[in-house]
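Participant: Quick one, structure for this:
(2 chains)
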Protein chains: 2
Amino acid sequence: MKVCFVGSSGHYHDVLTPLRLYHDLNIHVVGIAPGSTGESIDKLRKEIEDLGYKPKIYEDYKKMFDETNPDIAVINCFFGDLAKASIEALNRKIHVFTEKPAATNFEDLDLLKEAYLKSQCSFTAMFGIRYKPWFLTAYNYLKKGVVGEIRLLNAQKSYKLGQREPFYKQRKTYGGTIPWVGSHGVDWIRWFTGLNFISVYAAHSKKYNNNYGDLETSALCHFELENEIFASLSIDYYRPNNAPTHDDDRLRVVGTKGIIEIMHNKVYLINNEVPGIRELPLEQEKSIFLDFLSEIEKKGKCMVTAEDSFEVTRICLKALQSADKEKIIFL
Amino acid sequence: MKVCFVGSSGHYHDVLTPLRLYHDLNIHVVGIAPGSTGESIDKLRKEIEDLGYKPKIYEDYKKMFDETNPDIAVINCFFGDLAKASIEALNRKIHVFTEKPAATNFEDLDLLKEAYLKSQCSFTAMFGIRYKPWFLTAYNYLKKGVVGEIRLLNAQKSYKLGQREPFYKQRKTYGGTIPWVGSHGVDWIRWFTGLNFISVYAAHSKKYNNNYGDLETSALCHFELENEIFASLSIDYYRPNNAPTHDDDRLRVVGTKGIIEIMHNKVYLINNEVPGIRELPLEQEKSIFLDFLSEIEKKGKCMVTAEDSFEVTRICLKALQSADKEKIIFL
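Facilitator: Now for the predicted structure:
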């Protein structure tokens, strides 16, 4: 299986980590190219060469696609260019494993969906957090019915701002904090409930952003789902440098029979079967890239489907629109 | 100091607990009366008599006010009748310590404010949670600047539904979950930030409410405050009976220099002064009623002012309106 990388501005470790761990994957990294003007791929190149691959280095990813004829394109350039690169890959019948959000505007998203449908390829956005032990565990328990009917969800994404590439400073290249950071939260809510979103009201602010231009450092989304289920999503870049981890992902799911909660990389359940708060034993971590490979090898469907990738993107773009226009947006 | 009780449907323990603990308060409970049609005061009567008081029992609280001429009226009847009873007391120059929300509709709130202003009495609603060690601790640290400028707040109220009086089943007598449960959260957000609220978007649902009529079992509020500060407030009645406490109050305050959080009756701080997450040493619990007494005795201002009590009520009624009408409401 031949793999090309377009860009190195996202979660390419979702691919490199399994390549490092498993030597029997039959994966050949054949090419690397930047996906955006001014994007450096030096660090990615070094990491890939350290793994023993000798990929050809391209300036133009279209030329790379044409010359190397890969099975899979890993797209992770500046976020504003992701959709364009994905479309170029899909038009050449190359399976796409892309950074999220799949697109940063509605026009690109429509073109992307169209290219995907024509291609009959696999397409997955990097919602790799689903494969963390705490998310897999909470999801699997939830599906057993431990909280009854879901009524309310509270999701949280909190990141350290740290030092970021200059492309984060412009909406055009960055895409906005709600799609970039918030899309994980939207994905969790959609995945856990399996329900349609009806409306969103959102707000965001770029104040106190340490001179990061357009980058919004705080955001809050209020979703309504089918059956009067509500979900909050709190997003911030204010996690202090001193905090023990980069992120503080949380999800609280309130149901008619119990409450399950992901916090500090653990899972807690309260329901009426056992007294008190239970910390649940964690599942093993899985790999989104290996799951994606399984789909390509016809061994099963990837847990993050193309439809998930597109629909989460669409919801995030609507939320962004809500925050920009200060209006309730119906989905 | 002569005290009368109107009703027994709220947090009258905020008064009885300090009476039980401190015998030198010079407080005389001189009368008890129901405040709402059909309200039983038997349990309150027994508790007060057990404390050694021999209050006169009235059917009509206006008659009680006129005959006993109390200094303080403790108002905690059905929530829809609170404002009416408070007004009757204020009109007689009686200081009012009332269950929250101070009123359950805008007309009553206006009449109440008017009566208060004319009376020159003290007026405090029972936002007693402020006096819990974890809230006092978080507030005091916050005021030292440990999180810098506040940018985002996430508040949570989660209660056990349990068995409740029939008056909870009707909006007219209950007032709604956002004012009843949510008013604490609104109070915390307002107290911690000291800022004005600009808008609210809220939603609530009475589905799966165990036949409690109009009672909303889930609600979500999204507030915008001055300076692009956002606050979420998640409210539910789904805390399982097996949970270790009745309520699960939480508040997370995200600032430019740190994050402080109240959870599980503890306080956690992360900022760049000390590595890792710090659990803060807790202040001693205080009593809202004793604080209210101090104000009457001209020893200082009660931390929960009349203005706080009215403004939190107003914001909650606007949030309720937002949820009922599914619209953004400007404050």
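Participant: list the contacts for residue A:273?
Facilitator: Residue A:273 sits next to A:146, A:258, B:242 when contact means Cβ atoms under 8 Å, 6 or more residues apart in numbering or on different chains. Backbone N, C-alpha and C define where each C-beta goes, glycine included.
Participant: Could you give the secondary structure assignment for it?
Facilitator: coil (DSSP: H, G, I helix; E, B strand; the rest coil).
Participant: any idea how far it lies from residue B:222?
Facilitator: When distance is defined by Cβ to Cβ, to the nearest Å, residue A:273 is 33 Å away from residue B:222.
Participant: how about the residues of the stretch 101-250 of chain A near chain B?
Facilitator: With Cβ under 8 Å from any Cβ of the partner chain as the criterion, the stretch 101-250 of chain A meets chain B at residues A:149, A:151-152, A:154, A:156, A:158, A:201, A:203, A:205, A:207-208, A:217-220, A:222, A:224, A:227-232, A:234, A:236, A:238-244.
Participant: mind listing which of those residues are in strands?
Facilitator: Within these, residues falling in strands by DSSP state E are A:151-152, A:154, A:156, A:158, A:201, A:203, A:205, A:218-220, A:222, A:224, A:229-232, A:234, A:236.
Participant: can you map out the helices along the stretch 101-250 of chain A?
Facilitator: With helices called from DSSP state H, counting those that start in this stretch, the stretch 101-250 of chain A shows them at A:106-119, A:133-143, A:171-174, A:177, A:183-193.
Participant: most remote residue from chain A's center?
Facilitator: residue A:275 (35.8 Å; Cα atoms, centre = their mean).
Participant: For residue A:188, the count of nearby residues, please.
Facilitator: 27 (other Cβ atoms under 10 Å in any protein chain shown).
Participant: Find the residue closest to it in space, skipping its chain neighbours.
Facilitator: Nearest non-adjacent residue to residue A:188, counting by Cβ to Cβ, 6 or more residues apart in numbering or on different chains: residue A:251, 5.2 Å away.
Participant: before we move on, what about residue A:98?
Facilitator: residue A:75 (4.1 Å).
Participant: what's residue A:94 in contact with, if anything?
Facilitator: A:4, A:65, A:70-73, A:121.
Participant: Out of those, who's the most crowded?
Facilitator: residue A:73 (29 neighbours).
Participant: so of the helices of the stretch 101-250 of chain A, which one's packed in deepest?
Facilitator: helix A:177 (a mean of 28; mean count of other Cβ atoms under 10 Å in any protein chain shown).
Participant: Could you pull up the mean pLDDT of it?
Facilitator: Taken as a whole, helix A:177 has an average pLDDT of 98.
Participant: so how far is that helix from its chain's centroid?
Facilitator: 12 Å (Cα atoms, centre = their mean, to the nearest Å).
Participant: go on, stretch A:260-271?
Facilitator: With Cα atoms, centre = their mean, you get 21 Å for stretch A:260-271.
Participant: near chain B at all, that stretch?
Facilitator: Yes: Stretch A:260-271 comes into contact with chain B (Cβ under 8 Å from any Cβ), by way of A:270-271.
Participant: burial count for the nearest residue to residue A:108 once chain neighbours are set aside?
Facilitator: The shortest distance from residue A:108 to any non-neighbouring residue, by Cβ to Cβ, 6+ apart, is to residue A:83 (3.7 Å). Number of residues near residue A:83 (other Cβ under 10 Å) recorded here: 26.
Participant: ok but residue A:83 is inside a strand, no?
Facilitator: No: counting by three-state DSSP, one finds residue A:83 to be helix, located in no strand.
Participant: Residue A:106 is in contact with that one, correct?
Facilitator: No: between residue A:83 and residue A:106 there is no contact under Cβ atoms under 8 Å: 10.5 Å.
Participant: if we compare the helices of the stretch 101-250 of chain A, which one ends up closest to residue B:97?
Facilitator: helix A:183-193 (41.7 Å; Cβ to Cβ).
Participant: and the spatially most central residue of chain A, what is it in contact with?
Facilitator: Central residue of chain A (Cα atoms, centre = their mean): residue A:127, 3.3 Å from the mean position. Taking Cβ under 8 Å, 6+ apart, we find residue A:127 in contact with A:100, A:183-184, A:187, A:288, A:304, A:308-309, A:312.
Participant: Okay then, goodbye and thanks.
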